[in-house]
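Enquirer: Need coordinates for the following:
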Amino acid sequence: MIAVRTKPSRESLARLWKVQASPARTIAALAVFLLIMAVTLISTVISLKKCNGSILLVVLAVVTACADIIVIVRTVRLPSKRYAAVQKSVPDLRSEYTFGDDHFTIHNECTGINEHIKLKYSTVKKVVYNECWFVVITGSGNGIAFHENSFANGTPQELSALLREKIGKKYKVR
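Expert: Predicted coordinates for the structure are as follows:
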């Protein structure tokens, strides 16, 4: 039996976000929005220089610029605010994950909540071990994540071997 106990901190949640977020997708989305904004602004300037610019083109440029700013702010700032809000609302949250031979259990405990969930390995959709973090995603779309320093019993290598044996190709190391 391998046991993991966690009490998430603001720093661990921020590190987890960096692991789970795809920088390539974020950069690609920002690049597309900035390209659209640049094309719109350039066409507005060209139209205004030719003195045949319409008010519709100017409004389109302003709306596109505002949309780009909103997307940039949401992409960069919102996730960290959400994690901070979660940490503030449940500061005493403690989780314990126990990995056995035929199933694993999740025990969440905080003020007013005592939740115990038992899951079979067949419900696991994907496991990713990335930069010292284990992320286990179940078929329902829910998941758990924990740092390799959180082990109470067992080691990350033992858990890695167990998960590789139980779920096969669904286990990824990045």
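Enquirer: For the rest of this, base every contact and every neighbour count on C-alpha atoms.
Expert: OK.
Enquirer: Any idea how many residues pack against the spatially closest residue to T138 that is not a sequence neighbour?
Expert: Nearest non-adjacent residue to T138, counting by C-alpha to C-alpha, 6 or more residues apart in numbering: V124, 4.2 Å away. V124 has 21 neighbouring residues, counting by other C-alpha atoms under 10 Å.
Enquirer: So which residues of the protein form strands?
Expert: Secondary structure of the chain, counting by DSSP state E: strands at 2-6, 94-99, 103-110, 113-120, 124-130, 133-138, 143-147, 151-153, 171-173.
Enquirer: looking at it, the residue nearest to T138 is touching G139, isn't it?
Expert: Yes. Here V124 reaches G139: they are 5.8 Å apart, a contact under C-alpha atoms under 8 Å.
Enquirer: Now do the closest residue to A3 other than its chain neighbours against A28, distance only.
Expert: Distances taken as C-alpha to C-alpha, 6+ apart put T98 closest to A3, at 4.4 Å, once the chain neighbours are dropped. Distance, T98 to A28, by C-alpha to C-alpha, to the nearest Å: 38 Å.
Enquirer: Neighbour count: the two, which is higher?
Expert: Legend: neighbour count by other C-alpha under 10 Å for T98 and A28, higher for T98 (18 against 11).
Enquirer: Let me see the contact set for that one.
Expert: 1-4, 104-106 (C-alpha atoms under 8 Å, 6 or more residues apart in numbering).
Enquirer: Tell me the confidence at the spatially closest residue to I36 that is not a sequence neighbour?
Expert: Nearest residue to I36, sequence neighbours excluded (C-alpha to C-alpha, 6+ apart): T64, at 7.6 Å. pLDDT, T64: 75.
Enquirer: I'd like to know how far T64 sits from A31.
Expert: 14 Å.
Enquirer: more crowded one of the two?
Expert: The residue with more neighbours, out of T64 and A31, is T64; 19 against 12, by other C-alpha under 10 Å.
Enquirer: residues touching the more buried one, list them.
Expert: 36-37, 40.
Enquirer: What of T105?
Expert: Here T105 is in contact with 97-99, 116-119 (C-alpha under 8 Å, 6+ apart).
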